[in-house]
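Novice: here are the coordinates; sequence isn't available:
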């Protein structure tokens, strides 16, 4: 069980604080925040605190969500996974109720948040984290925060909120909010979100590649009808022993081969082995229906080539070329390419493509990094950045060992690299007039997308 | 609901807060307390919110206790909840005033609405005031029998709260027996789960006092209870599932059929999206099969994929917790993971603590078939701009070299590190080369050729400098300049701040002297003179010792200082296998993340003890 739960802002302010058992002394929030802020690791000046640590017999767990720190404390030797999952889940439940998770929305709705916290945990023991179940205990109404400050609900923008690793905010409306028109819009969102990790060798060969995917669902259907989600018929899930990388050899047939996957507890797999359909009664709120992992060979959306060459005594030239290898009707957005430069670099001048609208290149003096941002990249196109570097001192040894690797982040809406698809989404409700909105959306993101020099 | 009688009583006698806002709130609350005007609940809500927000940011609003209680006479459930929250927070420091709340809380415990009954009962039990426990027994007793599961759920935890305020009251009322009955009969799984949590805590605490309690605690692990819980496990939500699995992991089945039955029943739990459920299931599997080597190994194979999926889904924090457990398993059975090494490659955006775990896993899974690829990957990290990771990577390469028979290629790589001319790379590599030479003296020719080119001026870190000096002494016959380098180091004795380096320097000069006396004489003289004058006790003592030894007999001195050495076969492991086994037994706990054994403590202030590592 846990002793305390609290939420701190980035500056360390207490936004919500709940002591469940009274076993941990006061001041734990300050102790925690100081420790996280000034975390020291052997041989490092600045380091990131691990999610779990112990100070004077008190164990502190924390997760970062939407720029806030969700923290739990305990004195007992508990399962760390349990507490970290719980913290993540509390954040999600709060978001389900408030519509938007931010410091502002928490401050405006802290009474509602306390209401939730009282029902989620009692005397340190988890009671329920189901948005659905909690509904009957919640009486406060959410106060909406200024939605104008949030990006518009365009097809891609929706996916950009929240933390980088866990995207997929279906919509920013509370599960208990009353619609102005007095009636709820019947709709369901199914998002297929894939995070790609690829490492290219200096010769452009793919060293490792992996797709981590999630099928995320958020339902606003009244009466909780049963839903059937059909996936690709040719979908194999690697089971049994042996190296998972053995599957790499079997490509081309169009079959999607997942290494492994797991499912939300509401999912029934009765016919999954036969026809690859998942059936479930979606609970309220946002939740992952299925998580999956794939190391089967796939076509990386971008090819990245990077080169650094000495050009005279105190100079060098960098060339970075990226080629979009997805169909031309698809556009990637918010692309950022970064490359650490030799630490004795003093200046960098850039040469972009002709007519490079929406592109900027910058030399970040403080951490000696080159940063190239592109607003959009259309499928099939190619972009090149050339940079001339000036050094403070003569290079010695191998300049490629002093710089790189090149890393890249991007978002590609309506594209997925694994080929996993939702073939149809069936809502079991016996009425011919009942035709709710069904949104099935795909998005691909970079997780660790790296090209070595 | 009529306003309670105390609404006209004088305000609480507690200290004036001194804060304008608080006294302001006080008078506003008092105005509203007796009012029954329309819209008063809304104004109360606003005021209550202010009070709660002050409470959250740490302003002491306990002086408002009387007024808050006065205002709590309301049918508005939102107001009630805020009031309960406030009362729960401050009753402990205001025991006299807490008595004021008993009245309305007890009344609410009999409300028609089960929600109000539950909420009131929860607040009543959360007051944490010892002299009020007599008021708890009645409402708790009826709460446990309530027809509504929400009230029962609250009542069960209420019993545990009562136990913590006054264990004797709880035991005298025979509540644990009622909980046990509920646990085995209640249709609601959350009630059941709460009973289990409460009983575990109560019986564990009582076990030291009475034998009966200790029997009861063990009875929770008996076959009927375990089977009853397992048969209902699919009705439970994810959190109580963890609780049950935790218990099952401690159960000792009578035969292997039982083991397989349990494992088959729980097999699909490994596909759960909640990492805590999966880890708890894995613990059951690992514990049940400990004595069945083959099956145990199969379990490792079976859990690999789910663990890797959990590592790559979810937040970085969750994946760290799972990775720590994967790390433990890999360290225990590296052979079983040797073909999965690519999963342990670092991603550039991972944090230091994740990368560190991965580097350790890469180190232990390296074998004859994958070493080349692993070392190639590690060399990439060594050239990385992330200095701490670069250092760790070099150490990893060194460790792999020390555990391999065919070190040929690795030595070459290490020597290439020295050519990179980065100070920290050179420093780490020197330390490794020294260790390598102690294990594989046959490589000395190759290593010395490269090390000889390093200027001691470019090596600043004490450990690295000590390693370099050690090599100068040990291989002085092969390193042309050794006596002269040592000489210049000895002459600049005062520039050397680390006593460790000075100690090494003394020894190295001695060794060099035995091999090349004429050339080293000057260095020896300088070093001994400086050492005798050193302010550091150890350095001084060693210099004196060497001096006397030489005075006594040079060949004896050589036998003492530089005897023929045997190559080191195995470097001592930092952690004993006994500790590792104990950490394994505590799978799915903080011990795994900390990589230490944690002694469970119920008491409040004692720090965690740590066994030597």
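Specialist: Sure thing, it's come through. Computed from a predicted model, the values in this text were never measured in an experiment. Residues are numbered from 1 along each chain as shown, chains lettered A, B, ... in the order given.

Novice: C-alpha from now on. contacts and neighbour counts both.
Specialist: OK.

Novice: Grab the nearest non-local neighbour of residue 322.
Specialist: No chain in the question, so chain A it is. With Cα to Cα, 6 or more residues apart in numbering or on different chains as the criterion, residue A:322 has its nearest non-adjacent residue at 4.6 Å, and that residue is residue A:304.

Novice: wrong chain, I was asking about chain B
Specialist: Closest residue to residue B:322 in three dimensions, ignoring its sequence neighbours and counting by Cα to Cα, 6+ apart: residue B:311, at 5.9 Å.

Novice: give the contact list for the one you found.
Specialist: Contact criterion Cα atoms under 8 Å, 6 or more residues apart in numbering or on different chains gives B:318-320, B:322-323 as the residues in contact with residue B:311.

Novice: Would you check how far apart the residue nearest to residue A:322 and residue B:572 are?
Specialist: Distance, residue A:304 to residue B:572, using Cα to Cα, to the nearest Å: 45 Å.

Novice: Check residue A:228 too.
Specialist: Between residue A:228 and residue B:572 the computed distance is 58 Å (Cα to Cα).

Novice: cool, and residue A:56?
Specialist: Using Cα to Cα, we find residue A:56 at a distance of 30 Å from residue B:572.

Novice: ok now stretch A:1-16, how far from the chain's centre?
Specialist: Centre-to-centre, stretch A:1-16 and its host chain are 22 Å apart (Cα atoms, centre = their mean, to the nearest Å).

Novice: Report whether that stretch contacts chain B.
Specialist: Yes. Stretch A:1-16 comes into contact with chain B (Cα under 8 Å from any Cα of the partner chain), by way of A:13-16.

Novice: So for residue A:228 and residue B:572, which sits in the more crowded spot?
Specialist: residue A:228 (18 against 7; other Cα atoms under 10 Å in any protein chain shown).

Novice: As a check, name the ranges of all strands in the stretch 51-200 of chain A.
Specialist: A:52-55, A:58-65, A:68-74, A:121-122, A:125-126, A:187-200 (DSSP state E, counting those that start in this stretch).

Novice: how much does the helix or strand hosting residue A:293 deviate in direction from strand A:187-200?
Specialist: Counting by DSSP states H and E, the element that carries residue A:293 is strand A:285-294. Calculated by axes from the mean of the first three to the mean of the last three Cα atoms, to 10 degrees, strand A:285-294 forms an angle of 30 degrees with strand A:187-200.

Novice: Show me what strand A:285-294 is packed up against.
Specialist: Packing partners of strand A:285-294 (3 or more Cα pairs under 8 Å, 6 or more residues apart in numbering or on different chains; DSSP states H and E): helix A:80-98, strand A:206-219, strand A:256-258, strand A:260-263, helix B:293-312.

Novice: May I see the domains of chain B written out as residue ranges?
Specialist: Domain segmentation of chain B under automatic domain parsing yields B:314-420, B:455-561, B:577-612.

Novice: distance between the ends of the first one?
Specialist: Between the opening and closing residues of domain B:314-420 we find a distance of 38 Å, counting by Cα to Cα.

Novice: buried set for the host helix or strand of residue B:490?
Specialist: Element membership of residue B:490 [criterion: DSSP H and E] is helix B:482-491. Using 16 or more other Cα atoms under 10 Å in any protein chain shown as the test for burial, helix B:482-491 gives B:482-483, B:485-487, B:489-491.

Novice: any idea how far residue B:329 is from residue B:580?
Specialist: 11 Å.

Novice: I meant to write residue A:34 there.
Specialist: 33 Å.

Novice: So for these two, which sits in the more crowded spot?
Specialist: Of the pair residue A:34 and residue B:329, residue B:329 is the one with more neighbours under other Cα under 10 Å, namely 18 against 12.

Novice: Helix or strand: which one has that one?
Specialist: Take DSSP H and E as the rule and residue B:329 turns out to sit in helix B:316-332.

Novice: Tell me the confidence at the closest residue to residue B:562 other than its chain neighbours?
Specialist: Distance criterion Cα to Cα, 6+ apart; nearest residue to residue B:562, sequence neighbours excluded, is residue B:511 at 6.1 Å. Note for residue B:511: predicted pLDDT of 93.

Novice: Pretty sure residue B:511 sits against residue B:474.
Specialist: Yes. At 6.6 Å, residue B:511 counts as touching residue B:474 under the criterion of Cα atoms under 8 Å.

Novice: moving C-terminal of the helix holding residue B:490, what's the next helix or strand?
Specialist: helix B:499-515.

Novice: which residues of chain B score low on pLDDT?
Specialist: B:1-19, B:405-406, B:573-574, B:599-613 (pLDDT under 70).

Novice: which residue of it sits farthest from its center?
Specialist: Distance from the C-alpha centroid of chain B, by Cα atoms, centre = their mean, peaks at residue B:518 (57.6 Å).

Novice: That residue: which element?
Specialist: Element membership of residue B:518, judged by DSSP H and E, is helix B:517-532.

Novice: Run me through the strand neighbours of the strand holding residue A:293, direction for each.
Specialist: Strand A:285-294 has the following strand partners under DSSP bridges: strand A:206-219 (antiparallel), strand A:260-263 (antiparallel).

Novice: need the ones you listed in TSV with mean pLDDT and mean neighbour count, can you?
Specialist: Output for these, formatted as TSV (pLDDT from 0 to 100; neighbours: other Cα atoms under 10 Å in any protein chain shown):
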stretch	mean pLDDT	mean neighbour count
strand A:206-219	92	22
strand A:260-263	93	24
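
Novice: Switch those strands over to CSV; also include distance to residue B:503.
Specialist: Compiled in CSV, the strands paired with strand A:285-294 are given as follows (distance: least, Cα to Cα, whole Å):
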stretch, distance to residue B:503
strand A:206-219, 46
strand A:260-263, 56
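
Novice: So for residue A:323, which of these sits nearest?
Specialist: strand A:206-219 (14.8 Å; Cα to Cα).

Novice: could you point out which element follows that closest one?
Specialist: Remark: after strand A:206-219, the chain's next helix or strand is strand A:226-231, criterion DSSP H and E.

Novice: Identify the residue of the stretch 151-300 of chain A closest to chain B, quick one.
Specialist: residue A:262 (4.4 Å; Cα to the nearest Cα).

Novice: Give me the below-cutoff pLDDT ranges for the stretch 101-250 of chain A.
Specialist: The low-confidence ranges in the stretch 101-250 of chain A, as defined by pLDDT under 70, are A:146-172, A:177-184, A:239-250.

Novice: mind redoing it with 50?
Specialist: For the stretch 101-250 of chain A, residues meeting the criterion pLDDT under 50 lie at A:147-170, A:239-250.

Novice: quick one, which of residue B:511 and residue B:474 is more surrounded?
Specialist: More crowded of residue B:511 and residue B:474, by other Cα under 10 Å: residue B:511, with 26 against 21.

Novice: residue contacts, the more buried one?
Specialist: Contact analysis of residue B:511 by Cα under 8 Å, 6+ apart lists B:473-474, B:476, B:558, B:561-562.

Novice: Many thanks, I have nothing further to ask.
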